[in-house]
Structure formats: C-alpha cells, structure tokens
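Colleague: Sequence plus predicted model, see below.
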Amino acid sequence: MTPLAQRPVLVFALFAGLLGFAVAAFAPQIFHDGDSWWHLAAGGWMLDHHAVLKRDVFSFTFAGRPWDAQEWLAEVLMALVFRAAGWNGLHLLFGVALAATAAIVAGGVRTRIAALAALLVSLVGLACLSGSVLARPHLLALPLLAAWTLELLRARQQNRAPGWWLLPVMLLWANLHGSFAFGLALAAAFGLEAAPASRAAVKGWSVFFLACLIAAAVTPQGLHGLLFPFQLLLLGSIRNIGEWAPTSLTQLTPFPIALLGLFYLGATGKLNLPWLRALIVVGLTYLALAHVRHQMLFGIVVPLLLADALRRKDPAAAAPLPPWLAPLGAGMAVLLVLVRIFLPTLRGDDRVSPMTALAQLPAALRGQPVLNGYDFGGYLIYSGVKVFVDGRTDMYGDAFLANYDAMMTPDRKALEDTLARWHIAWSILPPGPAARMIDTLPGWHRIYSDGFAVVAVKD
C-alpha cells in the first residue's frame, strides 16, 4: 500500500480537488462574465506601465477620475498567465484555485467526520460555489479563505492563537480581493470566543488580529483599502446586478438544499454549535440570502463549522483504502492537466462578448462616444474602446447607474437626454427594449444585429 493510500484524509482531499479542477478548467461558463475582460485589460495596463491603476483610463464618462484597482495583484497575475498561455492558461489558473479550495474544505471536513458524512457535507457546501465559478479575482482568493478558516478552527481546538503563517496569507489576500475583510471579521469572532479562556488567550488573539489588520493595510490603497469592502456594500445600485441581487428560493439550487440540510441537522439535535459559531452561521446565511455572491462564503465556512460541531472520535479510522486508489487519483490529475493544456479553448460571441457585432462597426466610429450594454463594457475595454459603463460599480456610483437602469427600462426621456449630454455617436446593446427604442429615435439607424448584440449609429 502506498503511503498516500494510508492517509484517507489526503486521498479524500485529492479527489475533491480533482472535481474542483475539472469544473473550473473545462466549464466554458467560467468566461461568461464581462468583468473578466476588464480585469485582463487592467492587469495588462499595469504590466505595461509598471504602476498600479489609480485613475480611470477605460471610460469616457469618468475618464481621469480617481479609481483604485483594489484587486491589482489578481489582475496582474491574470494578465501574466493570459499573455503566456492564453485562455488555456486562465483555465488552468482558475482550475488550480478551485481545486485547492475544494481540497482544503473537503480535507478539513473529512478530518473531523466520517467519510460518507464528509462527502455529503463537502459536496453540498462546495456546490454553493457553482454560481461564482468565474474567471475573476474572487476565485483566486477562495483557497486563502478556506485555509484561513481551517487554521482558526485548529487554533481554537488546540487552545492557542492562530499560527503566524497566516500573516503573509492576509497580506496576499488583501492585495487579491476585498473578501479579506471577511477573514478579519472571522478572526475577531474566534478571538471573542477564545477570550473567556484566559488572559493569555486574549493577548494572543488580540496581537494576532492587530498584526493581521496591519498586514491588510499593506496595499497600494493603504487605509482606504480597508474601508473599500464596506463602502461597496453601501451602494444601493449593486442590488440591480445579478450577483448582488437577493437569492431566490423558488428554484432548487444548491443553496436552498444546503439550507434544508442545515435545518434538518438543527431540528434533529445532531448539531451542537457554540452560540458564537451559531451566530456566524446565521450571519453567513443572511449574507447569502441578501446577495447571491455571498453563497460562496457560506459554502466554504459553514461546512467546516458544521464538521467541527459533528466531530466524532477517530473519524479517519476506517477500513484501509484500496492501494490503487491514490495512484488512480494522481494519474487522473496528470491526465486532466495534459488535456487542458493541449485542448484548445475557443472563444466566440456570447452574452458578454459581442465580437462579431463590434467587428461590423466602421473603424472611424470606434473612438467616438458609445452607449454600451453594461455586460459588454469589459469586452469593449479589452478591445480598446472607451466605454460608457462597465462592471466597476464602485467608480460609477448610485446616481449614474440609476440613470443607466432607467434608460434600459427604457425611459425615453432619460435615453434621449443621455444621448444628447454625452454626444453619443453609436450604441451596442443586447437585443431588447432599449435597442428597439433607439431604432425609433430621429437620426438613428441600426447597422447590425444578431442574437447577442445590436449596433446602431447616429446619422
């Protein structure tokens, strides 16, 4: 029997990682998000200019105004990988990120409970990430969240402060994605839980938290970077964006299933969570109900908390694994990576990438002001077009985005006023009411349309 086969937790984590890698490395939907395009453009700009973006260089509506690239390190990494290995490279990058996340969560759960229960808890929890498997910085931060949570739990289990190796994790996390703020909140909660134990516990956790807070401020944005995640949550306009919308429970998706499982464990008395951890679970449930994107936080942290509450003696003590299982997993990993490297990733028109439509635009109009669809902003930025709007919600603000939403309703007056104010020369919008209304405006005519985009120009 191989040494790996003798360690069932590692084998369990290996196969969970394989599943995570396969999902992110082969699902074409990972690129079906307009923000991926502008993240690549931002990373490319920073590589070319050897500087972190501090002002808007991608729109004509907010050109030159302050805008911090909060996720600058992830964007630079994405651009580097893309320049070196194209779309296949990005598939590999995000595949490794999701594989690491799945392996850490599943391994942490399996360490605490038996195999079948660990399989169910891990699968249901990780399935809650399905709506967030997109080629964007948050996916690169998820392994850090999983490792962070697991170490906090271990520290509490062993009645000690968290390991100092989490400091570089926080430093990296704060430069990758704004979800680092949740990591700080989680550390504060566990520190509060440890406080009644002794003065030494209070001191250890307090020093750790203060050090992590300092590490989180070591970014190009400094103290402003610490406040950014909270400022974003206060924007009213984010509720009109799919990932920030409230979760619908009318469809049978992984999250409602996870809620049913959570309710079952609580109702049957199988779950005995300390009050503070129960409060964390309630808070994560609220966040996931309030915003679709927070289902990923729920899917990573809650399984680890539940497994800790369901802990049984010697959960890994079971019948020996077949000696061929570990080599099979390792072979599958190598095979998946090789297939991903040599199988071309083909990109074409989709709901965020109006490639054919933009190609039909006369070259003389590319530099003229455009009214573009919100989801098209990223692709236009990547293509060198100065946009009207894109996914940088924090920069545009509530008033601007409220007016944009009114135009798309469509509100004819808001549309006409905006076209006049910004001297719009052409539009590229998804088929729908706003595109049809532009057809009715004097001096405008459609020059191209397909199933994804409509291009109109002003005479």
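Modeller: Thanks, I have the structure now. Numbers count the residues shown, from 1 in each chain.

Colleague: Please enumerate the helices of the stretch 51-200 of the chain.
Modeller: With DSSP state H, counting those that start in this stretch, the ranges of helices along the stretch 51-200 of the chain come out as 72-112, 115-127, 137-157, 166-176, 180-194, 199-216.

Colleague: What helices and strands are in contact with the second one?
Modeller: Secondary-structure packing of helix 115-127 (3 or more C-beta pairs under 8 Å, 6 or more residues apart in numbering; DSSP states H and E): helix 8-26, helix 72-112, helix 254-267, helix 295-309. C-beta coordinates here come from the backbone N, C-alpha and C atoms, glycine included.

Colleague: Same list, the ones you listed, but as CSV with mean pLDDT please.
Modeller: Compiled in CSV, these are given as follows (pLDDT from 0 to 100):
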stretch, mean pLDDT
helix 8-26, 93
helix 72-112, 96
helix 254-267, 90
helix 295-309, 94
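
Colleague: hang on, the earlier thing: next, format the helices of the stretch 51-200 of the chain as JSON lines and append mean neighbour count.
Modeller: As requested, those are arranged in JSON lines below (neighbours: other C-beta atoms under 10 Å):
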{"stretch": "helix 72-112", "mean neighbour count": "22"}
{"stretch": "helix 115-127", "mean neighbour count": "20"}
{"stretch": "helix 137-157", "mean neighbour count": "22"}
{"stretch": "helix 166-176", "mean neighbour count": "21"}
{"stretch": "helix 180-194", "mean neighbour count": "20"}
{"stretch": "helix 199-216", "mean neighbour count": "16"}
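
Colleague: Can you check which of those helices gets nearest to Asp405?
Modeller: Across those, Asp405 has its closest neighbour in helix 137-157 (23.9 Å, C-beta to C-beta).

Colleague: Next, the angle from that closest one to helix 199-216.
Modeller: Interaxial angle of helix 137-157 relative to helix 199-216 (axes from the mean of the first three to the mean of the last three C-alpha atoms, to 10 degrees): 170 degrees.

Colleague: what inclination does helix 137-157 have with respect to helix 115-127?
Modeller: With the same axes, to 10 degrees as the basis, helix 137-157 and helix 115-127 are set at 140 degrees to each other.

Colleague: I'd like to check which residues are in contact with the spatially most central residue of the chain.
Modeller: Within the chain, the residue whose C-alpha comes closest to the C-alpha centroid is His138; the distance, by C-alpha atoms, centre = their mean, is 3.2 Å. Residues in contact with His138, defined by C-beta atoms under 8 Å, 6 or more residues apart in numbering, are 132, 177, 179, 293, 296.

Colleague: which of those has the most neighbours?
Modeller: Among these, Met296 has the most neighbours (other C-beta atoms under 10 Å), with 25 neighbours.

Colleague: So it sits against Cys128, correct?
Modeller: Yes. If you go by C-beta atoms under 8 Å, Met296 and Cys128 touch, sitting 6.7 Å apart.

Colleague: relative to helix 199-216, how tilted is the least confident helix or strand in the chain by mean pLDDT?
Modeller: Within the chain, confidence by mean pLDDT, DSSP states H and E is lowest for helix 223-233 among all helices and strands, at a mean of 81. Inter-element angle recorded for helix 223-233 and helix 199-216: 90 degrees (by the same axes, to 10 degrees).

Colleague: Give the phi and psi angles for Val370, as a check.
Modeller: Backbone torsions for Val370, taken as degrees, to the nearest 10, come to phi -120, psi 150.

Colleague: Then Asp350?
Modeller: With angles defined as degrees, to the nearest 10, Asp350 shows backbone torsions of phi -150, psi -170.

Colleague: How many neighbouring residues does it have?
Modeller: Burial of Asp350 is recorded as 18 neighbouring residues (other C-beta under 10 Å).

Colleague: now the residue lying closest to Asp68 once chain neighbours are set aside, what's its secondary structure?
Modeller: Counting by C-beta to C-beta, 6 or more residues apart in numbering, the nearest residue to Asp68 once its immediate chain neighbours are dropped is Gln221, at 4.9 Å. Secondary structure state of Gln221, per DSSP: H, G, I helix; E, B strand; the rest coil, is coil.

Colleague: for Gln221, what are its contacts?
Modeller: Shown in contact with Gln221 (C-beta under 8 Å, 6+ apart): 68, 70, 228.

Colleague: returning to what we had before: save the helices of the stretch 51-200 of the chain as a markdown table, and put in distance to Val389 too.
Modeller: Putting the helices of the stretch 51-200 of the chain into a markdown table (distance: least, C-beta to C-beta, whole Å) gives the following:
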| stretch | distance to Val389 |
| --- | --- |
| helix 72-112 | 19 |
| helix 115-127 | 33 |
| helix 137-157 | 20 |
| helix 166-176 | 25 |
| helix 180-194 | 26 |
| helix 199-216 | 30 |
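
Colleague: nearest to Glu243, of those helices?
Modeller: helix 137-157 (9.6 Å).

Colleague: any idea of the angle that closest one forms with helix 166-176?
Modeller: Orientation of helix 137-157 against helix 166-176 (the same axes, to 10 degrees) gives an angle of 160 degrees.

Colleague: C-alpha coordinates for stretch 402-415, PDB please?
Modeller: The C-alpha atoms that make up stretch 402-415 are tabulated as PDB, following Å, rounded to 0.1, in the frame of the first residue of the first chain:
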ATOM      1  CA  ALA A 402     -29.700  54.600 -11.600                       C
ATOM      2  CA  ASN A 403     -29.900  56.800 -14.700                       C
ATOM      3  CA  TYR A 404     -28.400  53.900 -16.800                       C
ATOM      4  CA  ASP A 405     -31.000  51.500 -15.400                       C
ATOM      5  CA  ALA A 406     -33.800  54.000 -16.300                       C
ATOM      6  CA  MET A 407     -32.500  54.200 -19.900                       C
ATOM      7  CA  MET A 408     -32.600  50.400 -20.200                       C
ATOM      8  CA  THR A 409     -36.200  50.200 -18.900                       C
ATOM      9  CA  PRO A 410     -36.400  52.000 -21.300                       C
ATOM     10  CA  ASP A 411     -37.300  55.600 -20.200                       C
ATOM     11  CA  ARG A 412     -37.400  57.500 -23.400                       C
ATOM     12  CA  LYS A 413     -36.600  60.900 -21.900                       C
ATOM     13  CA  ALA A 414     -33.700  59.500 -19.900                       C
ATOM     14  CA  LEU A 415     -32.400  57.900 -23.000                       C
END
